[in-house]
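Chemist: Predicted model and sequence follow; I will ask about them next.
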Amino acid sequence: MPTKTLTRPAATATDQPSLVVVDPQAPTAPEVRALLNDVADQMKLSFAMAAAGVQPAQATETDKLFQAMLAKRPQTQRQKAQARAQSMLAGPAASRQNFFGRYGALDASSYKGLDHAEATVGKVKVDGVKLQAALTRFGENDAVQVDAAPSAFAAKKLVAIDLAKIRKLKPIDPDVIAGAKYKKLGLFLNSVHCLEETSELSDSDEIAMGGTATDPNGATHKISQFMVSNDFDKGEKRVYGGRGKLLHEWNIVKTGDWPHVYAAVLVMAEKDEGGFGDFLQKLWEMVGDKVKQAIAGAVGSAIGAALGSFFGPLGTAIGAGIGWLLGLLVNWIISWFEDDIVASKTILLGLGAATKSYYDWAGLTANPANQFTMNYNGDGGRYRVRCSLSVYP
């Protein structure tokens, strides 16, 4: 089950919000899972072809992204990855399908690029009507999750923040006005605790972190890599004072069509991870484009302009699905390089309103801030990371 936090100790059981999801699970609807898994199979095939040294004649930007990422790895890692990929691709079609689903029908000699591969095997067969209905239900379920009970609000209803319109209201709702002053949402790193050192030969671990953050409209930003400690030993903890180290700051979206999903992927690595943060930002964008293209291909024009925005139940489902898929792919890729990248964690925060009482209920105005825990396990090492989310002017 995903880790859900941001509960307030003083709240009753019925009022405890669970707005943060760490490592989200895949949607249960078979149509959504089939589509997301098909995109994952495409991406895995493209990565394996790049690792094997295949140079497709019609290489896509995704093919080139994986080639560039692998080119930055140390030679010993590239050689190991190449041997693994060539072994996966050398087997019969039935064996390859265990790794790449229906794209296992293609071998190294017939792979001309990701788009050509998709055209060769054909679009995934998903009932478009059922897919759209499943996505909408998924998003509506998330909307329920982030919707506080009426007793948690000073305001009589959840509204978007449009001060020009609010000033015309008589009387002005003080809860809406109080919420309007909060313009930023910050993700903070509070502590990193070394429970077990990695299997590196050196006496101490050099641990760095970085990643990406994504807005509710799908725009993705890099969280630049930084060194947590160049001398981590078992039992040691790095604690960041005050609110903590600011990893990313979002501008709070205050338009309608709740809920809004804010996402981040945090990667922990030993020393320099070869520009993995840059790679991760581009991968998120490409995964997002692939998912939306696949949905549009299955649903057709019925989905319309909804694909252009992550707002509302349908967009929320798309954003959450992309977050799950990216986490799956990143951890699969990390498994190829276990000797320097420890692990990654995907974080999703859904907000259902922009009023002061909602922020209070969600624990986003708490001082000190409520923290949530993520465990990074990889390459023999175990690290416990604590982060927090806060809203502020």
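Modeler: Looks like it came in fine.
Chemist: Listing request: residues of the stretch 1-150 of the chain with sub-threshold pLDDT.
Modeler: 1-18, 142-145, 149-150 (pLDDT under 70).
Chemist: Quick one: neighbours of the residue lying closest to Ala269 once chain neighbours are set aside, just the number.
Modeler: Once flanking residues are discounted, Ala269 sits nearest to Ile341: 4.8 Å by CB to CB, 6 or more residues apart in numbering. (Glycine included, C-beta is placed from N, CA and C.) Using other CB atoms under 10 Å, Ile341 is surrounded by 23 other residues.
Chemist: Ile341 and Gly277: what is the separation?
Modeler: 11 Å (CB to CB, to the nearest Å).
Chemist: Are there residues contacting both of those two? Which ones?
Modeler: Shared between the contact lists of Ile341 and Gly277 (criterion: CB atoms under 8 Å, 6 or more residues apart in numbering) are residues Val267.
Chemist: How about the secondary structure of the nearest residue to Lys130 once chain neighbours are set aside?
Modeler: Nearest residue to Lys130, sequence neighbours excluded (CB to CB, 6+ apart): Glu31, at 4.9 Å. Secondary structure, DSSP: H, G, I helix; E, B strand; the rest coil: Glu31 is helix.
Chemist: Quick check: Glu31 touching Lys125?
Modeler: No: the criterion here is CB atoms under 8 Å, and Glu31 misses it with Lys125 at 10.2 Å.
Chemist: Which one's more surrounded, the two?
Modeler: Neighbour count, other CB under 10 Å: between Glu31 and Lys125, Glu31 has more, with 21 against 9.
Chemist: ok, the residue nearest to Lys130 to Gly297 distance?
Modeler: Distance from Glu31 to Gly297, by CB to CB: 13 Å.
Chemist: Can you spell out the domain ranges of the chain, please?
Modeler: 3-27+129-392, 30-127 (automatic domain parsing).
Chemist: how near is the residue nearest in space to the middle of the chain to Gly235?
Modeler: When CA atoms, centre = their mean is applied to the chain, the residue found nearest the centroid is Gly323 (3.4 Å). Taking CB to CB as the measure, Gly323 falls 33 Å from Gly235.
Chemist: Once you drop chain neighbours, what's closest to Ala94?
Modeler: Nearest non-adjacent residue to Ala94 (CB to CB, 6+ apart): Gly104, at 7.7 Å.
Chemist: is it true that that neighbour lies in a helix?
Modeler: Yes: according to three-state DSSP, the state of Gly104 is that of a helix.
Chemist: Nearest spatial neighbour of Glu118, chain-adjacent residues omitted?
Modeler: Gln42 (6.3 Å).
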